[in-house]
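S.K.: here is a sequence with its predicted model. Questions after.
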Amino acid sequence: MIETTCIGAYPKPVYVELPDWFKNPEGLDTADTTLLWRAALASMGGDAEAIISRGVEEVIQDQVAAGIDVPTDGHVPREHYSH
């Protein structure tokens, strides 16, 4: 049996307002590639952890419903897989 998984960045739910690194308007090679992410995290305030956890749960449930054997967090808490 071959098991399936999801690798890479799964689409973030719209309410997880963390930017994706590769969509940075200044391009990929900025001096501070995490600046937009840190600002977005701060804008979520004290609810940031709960919002991100809810997003992770949603993408895991989506993968389970699709029959994925080894679901992942889909990189929801991160802006890019390299971070």
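M.R.: Yep, that arrived.

S.K.: okay, the nearest residue to Glu17 once chain neighbours are set aside: pLDDT?
M.R.: Nearest residue to Glu17, sequence neighbours excluded (C-beta to C-beta, 6 or more residues apart in numbering): Ala40, at 5.6 Å. For every residue, glycine as well, the C-beta is placed using N, CA and C. Looking at Ala40, its pLDDT is 85.

S.K.: counting neighbours, what do you get for Ala40?
M.R.: 15 (other C-beta atoms under 10 Å).

S.K.: ok, now Gln63?
M.R.: Neighbourhood size, Gln63 [other C-beta under 10 Å]: 20.

S.K.: now swap in Val76 and tell me
M.R.: By other C-beta under 10 Å, the residues close to Val76 number 23.

S.K.: quick one: it and Ile51 touch, right?
M.R.: No: counting by C-beta atoms under 8 Å, Val76 stays clear of Ile51, with 9.9 Å between them.

S.K.: are there residues contacting both of the two? Which ones?
M.R.: Common contacts of Val76 and Ile51 (C-beta atoms under 8 Å, 6 or more residues apart in numbering): Val16.

S.K.: buried stuff in the helix or strand harbouring Asp62?
M.R.: Under the criterion of DSSP states H and E, Asp62 resides in helix 48-65. Buried positions in helix 48-65, judged by neighbour count with 16 or more other C-beta atoms under 10 Å: 48, 51-52, 55-56, 58-60, 62-63.

S.K.: helices of the chain, start to end?
M.R.: Assigned by DSSP state H, the helices in the chain fall at 35-43, 48-65.

S.K.: looking at those, which is nearest to Tyr10?
M.R.: Nearest of these to Tyr10, taken as C-beta to C-beta: helix 48-65 at 4.8 Å.

S.K.: so what touches the closest one?
M.R.: By C-beta under 8 Å, 6+ apart, the surrounding residues in contact with helix 48-65 are 6, 10-13, 15-16, 18, 41-42, 44, 71-74, 76-77.
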